[in-house]
Every structure is written in structure tokens, then in C-alpha cells.
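>>> Show me how the following folds:
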Amino acid sequence: MINRSLLCQRFGLADAQVALLLDQTGNVRDDHLPWYMSLGLGVAAWFTALVLLGFSLALVIAFFDDDIDDMTLPALLLGSLFLSAGIALARNRVTAGFTGHFADALSAAGISLIVFAVAIELETYWAPTVIATAFAAATACWRSSQLLQGLAAALALFLLALWAHDASEAQLTPILAVVILAMVCLLLFGTAKFDFRAGATVCLLLAGLFEMTAFFDGYLGYSPNGGNARFEDATRLFHYLAIAVPFAIAWRQVDEVQEKLLIVGMVATAGAVTGILPPAGSAVLPALVLAGISGSRGLAISGVVLEVYFIARYYYSLDLTLLEKSFIMMGTGTFLLIAWALFFNLLKDVRGLEE
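A predicted model of the protein is given here:
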């Protein structure tokens with residue numbers, strides 16, 4: 001515990017200034033540390049947790065002589081121990097610093113071990129998927145750190161994708177499209193009491209990435225030059241809904257004509273992209289729409305990177321000559337430039353009339 005009066009005397013600070021730097025326990029608040037110190041503490045905490053996890057697993061494996069069937073109960077007990085330790089360390093809502101990161105690492109390791117143990121015991125994907133989803137929801141309701149929420153949500157989505165692929169490859173992409181729509185609704189209608197933003201953002205981006213991967217890896221009978229029309233239409237429909245929901249909310253929140261015209265232009269652009277490209281090409285458009293409405297720079301950058309990845313790989317995979325691809329690129333660029341010029345000239349005319 002830091003002596004506040006001594007600190008004020010040594011550095012010539014006012015008592016109110018020092019109070020802003022200290023938490024209720026009298027120690028320096030973690031959110032006031034420089035970024036490089038926070039990064040170093042985070043790396044050290046996760047490395048410590050990984051070493052502890054590796055040492056514990058090595059003891060279990062050595063004791064049970066590499067018999068994976070006998071490791072189910074020890075893995076479940078070890079996971080429960082790690083999860084309990086993480087919850088105990090994070091009971092004071094610490095979100096940064098060594099203690100906070102160490103608590104997140106222990107909790108993440110505990111959740112993973114429990115899910116791993118259930119998957120081995122039942123030899124199925126549905127049970128670990130349900131458990132991982134429950135943990136992801138609990139981290140949001142408990143208001144734990146955003147990092148832990150994101151990791152738990154990523155684990156749940158990964159298991160859901162494996163479960164869907166194992167049950168029926170043909171249903172994987174529509175299920176991912178439903179997940180995208182659900183995450184959009186969570187981000188739009190979340191409350192302060194149940195903050196799902198971190199987990200929903202991770203799932204929104206990962207679902208789009210998984211859908212792109214499924215498209216290029218040939219799931220559902222898809223290929224870059226053709227696909228399964230039934231599931232393609234279903235996937236595209238859910239993408240339209242995921243794009244329409246935030247636009248409908250934004251339309252009701254604006255009153256000026258130019259803002260409504262801007263929304264109309266964005267709807268037309270997103271709808272055209274969704275209709276022209278394969279369904280996987282519009283998988284991250286809901287993320288870009290939310291980024292444009294909310295002003296989230298991180299979501300916008302992530303969505304743009306994923307969209308550029310899809311377009312580049314799709315362009316490379318097309319069964320066309322280089323000359324034909326060049327004509328497609330020039331035509332698309334010309335069309336977008338003309339559309340951009342017409343739209344913004346229309347905005348200028350509307351603003352001129354209002355003035």
C-alpha cells in the first residue's frame with residue numbers, strides 16, 4: 001500500500017491528483033500504467049499461466065502413462081481448479097495488470113480443459129459446444145474482462161462450426177450466417193447489465209472468416225465458380241437481414257435529408273455487393289455496416305482486411321484469363337467511381353437546397 005501523504009510530499013502533488021492514481025486498496029491503478037508496462041505485465045502473466053498449465057498437464061500425463069481415456073477426470077478436475085483460481089483472483093473486477101491477466105489466463109485454461117474433458121468423454125461436439133456457450137454467456141453476465149469474453153466466445157463458435165460440419169456440411173454456411181445475424185442483434189440491443197460487445201464482435205468477425213474458409217475449401221459443394229443454389233440463397237437471405245437491421249435503426253435515428261440519402265446509398269451499395277458476390281463475399285459486410293454506424297475504427301479495419309482477403313483470393317481463383325480479369329477490375333472500378341460521383345453530387349445539391 002502506498003503512503004499518500006509521503007507521495008504528495010516527495011513529488012509535490014496535490015492529494016486529489018494522487019487519489020486519481022490509486023485504487024481502493026491504496027495501490028496504483030492498472031489503467032493508469034503506460035501501455036508498454038501493461039503489455040509486459042500481460043505477456044508475463046500469460047506466460048506464467050501457460051508454464052503452470054504445461055507443468056500440471058505433464059504431471060497428469062506422467063501419472064496416467066499417456067492413457068487418454070483415463071485423463072478425462074483429471075482434466076476435468078484440473079480445469080475446475082484453474083477456473084476457480086481465475087475467478088477467485090478476479091473477484092475484485094481487476095481488468096488489467098499482472099493479476100487481471102493472470103486471472104484471465106487461468107480462467108481460459110480452465111474452460112478449455114473442461115470442454116476438452118467433456119469432448120473426450122462423450123466423443124461428440126454438441127455437449128462441449130453447449131458448455132462453451134454457457135461459459136461465454138457467463139463471462140458477459142459476470143462482466144469479466146473483454147479479453148476473456150472474446151476467448152470464450154471464440155471457443156464456443158469454433159466448436160459450433162465443428163458440430164455443424166460434423167452433422168451436415170451443407171448446413172455449415174447457413175448456420176454461420178444465422179450466427180452473424182444474432183451477433184449483429186446482440187451488438188445493437190445489448191444493455192449495460194449484459195454487455196456482450198466483446199464476445200459478439202469476435203464471433204461476428206470469426207463467423208465471417210469461417211464462412212470464407214468454408215467457401216474456398218469447397219464445403220457445401222461450393223467452388224469459386226459455382227455452388228449449391230439452395231444453401232447459397234439461404235445464406236444470402238440471412239446476410240440481407242443482418243445488413244437491414246442496423247440500417248433500419250439508423251434510419252429511425254436521423255432526421256436530416258442528407259443523412260437519409262447517405263443511408264440509402266449505403267443500403268444500395270451493400271445490397272449490390274451481397275447480390276453480386278458469392279455469399280461468403282458479404283459475410284463481413286454486417287461488420288462494416290456496424291462500424292460505419294457506430295464509428296468503431298477497430299471493427300472497420302478488421303472488416304476491411306477480411307473483405308480484401310476474400311476479394312483477392314476470389315479474384316485469384318476465378319477460372320478466367322488475365323485479360324478478362326483485368327476488364328472485370330477496370331469495369332468495377334469505373335462503375336464505383338461513377339456511382340460515388342453521382343451520389344455525392346446529389347448530396348451537395350440537397351445540402352444547397354436546405355441552406
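>>> Tell me which other helices or strands the helix or strand encompassing Ala44 touches.
Taking DSSP states H and E as the definition, one finds Ala44 inside helix 35-64. Helices and strands touching helix 35-64, by 3 or more CB pairs under 8 Å, 6 or more residues apart in numbering; DSSP states H and E, are helix 72-89, helix 97-122. The way it works is simple: take the backbone N, C-alpha and C, and place the C-beta from them, glycine included.
>>> chain center to the first one, what's the gap?
Just to be clear, that refers to helix 72-89. Helix 72-89 has its C-alpha centroid displaced from the chain centroid by 25 Å (CA atoms, centre = their mean, to the nearest Å).
>>> That one versus helix 35-64: what angle between them?
150 degrees (axes from the mean of the first three to the mean of the last three CA atoms, to 10 degrees).
>>> Just give the nearest non-adjacent residue to Leu290, would you?
Pro246 (5.6 Å; CB to CB, 6 or more residues apart in numbering).
>>> That neighbour: neighbour count?
By other CB atoms under 10 Å, 22 other residues sit near Pro246.
>>> where do the helices sit along the stretch 151-300 of the chain?
With DSSP state H, counting those that start in this stretch, the ranges of helices along the stretch 151-300 of the chain come out as 172-189, 197-216, 229-253, 257-276, 285-294, 297-317.
>>> Could you dump those helices into a markdown table and include distance to Glu123?
Shown next, in a markdown table, are the helices of the stretch 151-300 of the chain (distance: least, CB to CB, whole Å):
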| stretch | distance to Glu123 |
| --- | --- |
| helix 172-189 | 20 |
| helix 197-216 | 23 |
| helix 229-253 | 28 |
| helix 257-276 | 39 |
| helix 285-294 | 35 |
| helix 297-317 | 33 |
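>>> Among the ones you listed, which comes closest to Ala75?
Nearest to Ala75, of all the helices of the stretch 151-300 of the chain, is helix 197-216, at 24.3 Å by CB to CB.
>>> CA atoms of the closest one as CSV?
Output of helix 197-216 as CSV, limited to C-alpha atoms (Å, rounded to 0.1, in the frame of the first residue of the first chain):
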residue,chain,number,x,y,z
ARG,A,197,-19.9,-6.5,-27.1
ALA,A,198,-16.5,-8.2,-26.9
GLY,A,199,-17.8,-11.7,-27.5
ALA,A,200,-20.3,-10.6,-30.2
THR,A,201,-17.6,-8.7,-32.0
VAL,A,202,-15.2,-11.7,-32.0
CYS,A,203,-18.0,-14.0,-33.2
LEU,A,204,-19.1,-11.6,-35.9
LEU,A,205,-15.6,-11.4,-37.4
LEU,A,206,-14.8,-15.1,-36.9
ALA,A,207,-18.1,-16.3,-38.4
GLY,A,208,-17.3,-14.3,-41.5
LEU,A,209,-13.8,-15.7,-41.7
PHE,A,210,-15.1,-19.3,-41.2
GLU,A,211,-17.7,-18.7,-43.9
MET,A,212,-14.9,-17.5,-46.3
THR,A,213,-12.8,-20.5,-45.4
ALA,A,214,-15.7,-22.9,-46.0
PHE,A,215,-16.3,-21.3,-49.4
PHE,A,216,-12.7,-21.6,-50.6
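>>> tell me the average confidence for it?
Helix 197-216 carries an average pLDDT of 87.
>>> What angle do helix 285-294 and that helix make with each other?
150 degrees.
>>> for the closest residue to Ser84 other than its chain neighbours, what are its contacts?
Closest residue to Ser84 in three dimensions, ignoring its sequence neighbours and counting by CB to CB, 6+ apart: Gly110, at 7.3 Å. When contacts are counted by CB atoms under 8 Å, 6 or more residues apart in numbering, Gly110 touches Gly79, Ser80, Leu81, Phe82, Leu83, Ser84, Ala85, Gly86.
>>> Tell me the pLDDT of Gly110.
89.
>>> And for Leu106?
87.
>>> Then Gly97?
On the pLDDT scale, Gly97 gets 69.
>>> follow-up on the earlier one: could you double-check that the residue nearest to Leu290 lies in contact with Ile293?
Yes. Using CB atoms under 8 Å, Pro246 makes contact with Ile293 at a distance of 5.4 Å.
>>> okay, the helices and strands packed on helix 35-64 in JSON lines with distance to Leu262 next?
As requested, the helices and strands packed on helix 35-64 are exported to JSON lines (distance: least, CB to CB, whole Å):
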{"stretch": "helix 72-89", "distance to Leu262": "45"}
{"stretch": "helix 97-122", "distance to Leu262": "40"}
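>>> any idea which of those is most buried?
Among the helices and strands packed on helix 35-64, helix 97-122 has the highest mean neighbour count (mean count of other CB atoms under 10 Å), at a mean of 22.
>>> which element follows that one toward the C-terminus?
Sequence order places helix 126-141 as the next helix or strand after helix 97-122, per DSSP H and E.
>>> report the angle between the axes of that following helix and helix 97-122?
Using the same axes, to 10 degrees: helix 126-141 against helix 97-122 is 160 degrees.
>>> buried set for helix 126-141?
Across helix 126-141, burial judged by 16 or more other CB atoms under 10 Å covers Ala127, Pro128, Thr129, Val130, Ile131, Ala132, Thr133, Phe135, Ala136, Ala137, Thr139, Ala140.
>>> In terms of distance to Trp163, which of these ranks first?
Thr129 (5.0 Å).
>>> who's in contact with that closest one?
By CB under 8 Å, 6+ apart, the contact list for Thr129 reads Ala156, Leu159, Leu160, Leu162, Trp163.
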